[in-house]
Structure formats: C-alpha cells, structure tokens
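Colleague: Predicted structure and sequence below. I'll ask about it afterward.
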Amino acid sequence: MKEFEEYLRRIGKSENTALTYCRNIRMYFSWCWDSFGSEPKELYRSNVLEYISYMRNIRGYSPKSVNNHLSALRCLNKYLVQIGRQSDMAVLDSDFMKVQIQYASPCSVDKKEVEAFRQRMLESGSKRDFAIVTLLVYAGLRRSECVNLKLDQVDLIAKEIRVIGKGDKQRLVYINDRIAAAIREYLKERNADSPYLFASRQCAKLSASRINQIFNKYSDTITPKTLRHFFCSNALENGYSIHEVANQAGHSNVQTTLIYSNPSAKQMKEKANKL
C-alpha cells in the first residue's frame with residue numbers, strides 16, 4: 001500500500017484523493033479477508049464483480065459511491081500491470097454505474113445569508129479569518145487551495161492569484177476589490193515568518209480542519225464547500241459564462257459547472273406551486 005500511495009502521487013493525484021483511494025483499497029482487502037480468509041495477490045475479475053454486488057446489494061452504496069471504489073480499484077489494477085504483477089484489467093469501464101446528473105443547483109444559501117456570515121466574521125476581530133471567508137465567497141477556491149496558498153502566488157496590484165489545484169494543475173484566478181482589500185488589511189497585522197499566506201501562531205499554515213472549526217464557530221450551516229457552490233451560482237447569475245466559471249473554480253469538466261446554471265431548489269419549488 002505504501003508503494004501504491006507513492007505511485008498515486010507520482011501520477012499527480014492530490015493528497016486527499018490518494019488517501020481516499022488507499023482507504024477504499026483497504027476496504028476491498030478487508031472484504032477479501034472476510035470472504036476468503038486471505039488477500040489476493042492480484043485483482044481477479046470474478047472477485048471484482050462479487051465486490052460490486054456486495055457494495056450495491058449488501059452495503060447499499062449509491063452509484064456514486066460504488067464508482068468511487070471502482071476508481072480506486074482500477075487505479076490499483078493499472079499499477080499492478082505496470083509493475084508486472086498482473087497482465088489483464090479486472091476493472092472495466094462497463095463496471096461503472098450510470099449516475100443521475102443533479103440538475104438543481106446545490107447552492108443552499110443566498111447572498112443575504114452569505115453577507116451576514118461575512119459580517120459576523122468581520123465583527124469577530126480576526127482579519128485573517130475575514131480574508132479567508134471573503135476569498136472563498138468571491139473567488140470560489142477550494143478549502144485545500146486556500147490553506148496551501150503562498151504569498152508569492154498573490155498579486156494584489158494585478159488582482160490575480162495563481163492557484164495550484166487538484167493534480168497540481170495551475171490556474172489564474174481573478175479577484176475583486178473586496179478580496180484585495182480584505183487581504184491587504186490582514187497583511188498589515190500579519191506577524192509570521194511563513195511562505196504561506198494564511199499562517200497561525202502554532203504552525204506555518206492553517207490546517208483544513210482549523211478552517212472547519214472557524215466556520216463551525218460562526219455558522220451551523222455554512223461550510224467552505226457551501227461558499228464554493230455559492231460562488232459558482234452567483235457568478236453565473238451575474239453574467240459569467242460557463243467556461244469562465246469553470247476556469248475560476250478549476251472544474252476540469254464543464255459538465256460540473258453546468259449544474260450551477262439551473263434554477264435553485266427554492267426557485268423550482270416556487271414554480272411548482274404555480275402549476
């Protein structure tokens with residue numbers, strides 16, 4: 001598993017993806033132990049098909065969850081072929097389940113709620129936390145991208161941020177006056193010898209879990225992911241094209257962005273009442 005984890009990083013998988021893949025592979029090995037009393041030396045087609053049936057019928061996994069586990073197994077399969085452990089592919093494209101695309105916007109908060117959250121953060125007195133929230137609201141960064149952002153990636157004069165996203169893919173994100181002002185105010189009081197933009201007294205950069213703690217302190221419903229969803233929906237409503245939002249948010253597939261171009265669940269319910 002250690003060698004497989006190193007392989008995942010070599011092919012550009014993010015830290016979170018590598019950890020998830022390894023966790024899913026261990027679950028497969030655990031199932032093998034429970035079923036056969038041993039771990040197989042390679043992936044066998046029959047075992048994979050039985051595991052799919054187990055996930056769907058015994059564990060009741062959703063199609064998306066089944067596909068996530070299959071992605072990990074397919075990646076392991078490719079690794080085993082590469083190192084000469086086996087020669088055939090035991091996980092096929094046809095094994096993946098069709099997933100119903102979600103057409104309603106997943107954005108669950110409106111602009112008024114988001115601005116009220118930002119105001120609570122401002123009133124807390126932490127200019128760092130206020131800058132983080134403002135960046136997430138108006139730039140659409142992922143939580144991991146935010147904590148890994150370095151000082152030399154931020155150009156407040158040009159109002160551009162060079163973001164390193166999933167798979168070490170780089171993109172240029174354009175920021176507005178609100179973000180630039182919030183970061184400038186934070187930098188005035190920032191007292192840390194760290195290359196990372198958002199540092200803490202305890203370490204060189206904030207952890208993702210620390211950002212979660214900050215959010216939980218000021219809201220029971222708003223999370224970093226909620227704000228990313230809000231950014232995408234809000235940008236489309238204010239004239240951004242699908243491709244512009246995809247570029248800003250770092251979506252590798254515009255189909256992901258298309259989700260946010262549809263009416264919200266609230267709007268759809270209002271329309272249903274008029275029928």
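Modeller: Looks like it came in fine. Numbering: from 1, shown residues only.
Colleague: Look up how far residue 216 lies from the closest residue in space to residue 151 that isn't next to it in sequence.
Modeller: Spatial nearest neighbour of residue 151, chain neighbours left out: residue 197 (5.5 Å); criterion: CB to CB, 6 or more residues apart in numbering. From N, CA and C alone the C-beta is placed, and that goes for glycine too. Computed with CB to CB, to the nearest Å, the distance linking residue 197 and residue 216 is 22 Å.
Colleague: again, but for residue 63
Modeller: From residue 63 to residue 216 the distance is 31 Å (CB to CB).
Colleague: and these two? which has more neighbours close in?
Modeller: residue 63 (14 against 11; other CB atoms under 10 Å).
Colleague: Quick check: closest non-adjacent residue to the more buried one.
Modeller: residue 97 (3.8 Å).
Colleague: Check residue 65 too.
Modeller: residue 55 (7.3 Å).
Colleague: can you pull the contacts of the one you found?
Modeller: Residues in contact with residue 55 (CB atoms under 8 Å, 6 or more residues apart in numbering) are 61, 65, 66, 69.
Colleague: Against residue 16, how distant is it?
Modeller: 21 Å.
Colleague: now swap in residue 118 and tell me
Modeller: Taken as CB to CB, the span from residue 118 to residue 16 is 26 Å.
Colleague: Give me the residues contacting the helix or strand hosting residue 117.
Modeller: Take DSSP states H and E as the rule and residue 117 turns out to sit in helix 111-123. With CB under 8 Å, 6+ apart as the test, helix 111-123 has contacts from 129, 130, 133, 134, 137, 218, 219, 222, 227, 230, 234.
Colleague: ok, so of those, who is nearest residue 29?
Modeller: Taking CB to CB as the measure, residue 29 sits nearest to residue 227 out of those, at 37.0 Å.
Colleague: The closest one and residue 133 touch, don't they?
Modeller: Yes: between residue 227 and residue 133 there is a contact at 7.2 Å, judged by CB atoms under 8 Å.
Colleague: what are the ranges of the strands in the stretch 151-275 of the chain?
Modeller: For the stretch 151-275 of the chain, the strands defined by DSSP state E, counting those that start in this stretch cover 154-155, 160-164, 170-174.
Colleague: give the contact list for the spatially closest residue to residue 21 that is not a sequence neighbour.
Modeller: Nearest residue to residue 21 in three dimensions, chain neighbours excluded: residue 72, at 4.1 Å (CB to CB, 6+ apart). Going by CB under 8 Å, 6+ apart, residue 72 touches 20, 21, 22, 24, 25, 28.
Colleague: Now do the SS call for the last one.
Modeller: When classified by DSSP: H, G, I helix; E, B strand; the rest coil, residue 28 comes out as helix.
Colleague: Residue 74 is in contact with that one, correct?
Modeller: No: if you go by CB under 8 Å, residue 28 and residue 74 don't touch, sitting 11.6 Å apart.
Colleague: give me the low-pLDDT residue ranges for the stretch 151-275 of the chain?
Modeller: 261-268 (pLDDT under 70).
Colleague: Count residues in the vicinity of residue 235, would you?
Modeller: Neighbours of residue 235 (other CB under 10 Å): 20.
Colleague: And the helices in the stretch 151-275 of the chain, which stretches?
Modeller: Secondary structure of the stretch 151-275 of the chain (DSSP state H, counting those that start in this stretch): helices at 177-189, 208-218, 224-237, 242-249, 254-258, 265-273.
Colleague: Just list what the fourth one packs against, helices and strands only.
Modeller: The contact analysis (3 or more CB pairs under 8 Å, 6 or more residues apart in numbering; DSSP states H and E) places helix 242-249 against strand 170-174, helix 224-237, helix 254-258.
Colleague: In CSV: the ones you listed, plus distance to residue 271.
Modeller: Shown next, in CSV, are these (distance: least, CB to CB, whole Å):
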stretch, distance to residue 271
strand 170-174, 33
helix 224-237, 17
helix 254-258, 19
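Colleague: Tell me which of these approaches residue 86 most closely.
Modeller: helix 254-258 (33.0 Å).
Colleague: Can you tell me what sits against that closest one?
Modeller: Contacts for helix 254-258 (CB under 8 Å, 6+ apart): 101, 232, 242, 243, 245, 246, 249, 251.
Colleague: residues in contact with the fourth one?
Modeller: Think residue 243. Per CB under 8 Å, 6+ apart, neighbours of residue 243: 254, 257.
Colleague: Thanks again, I'm all set now.
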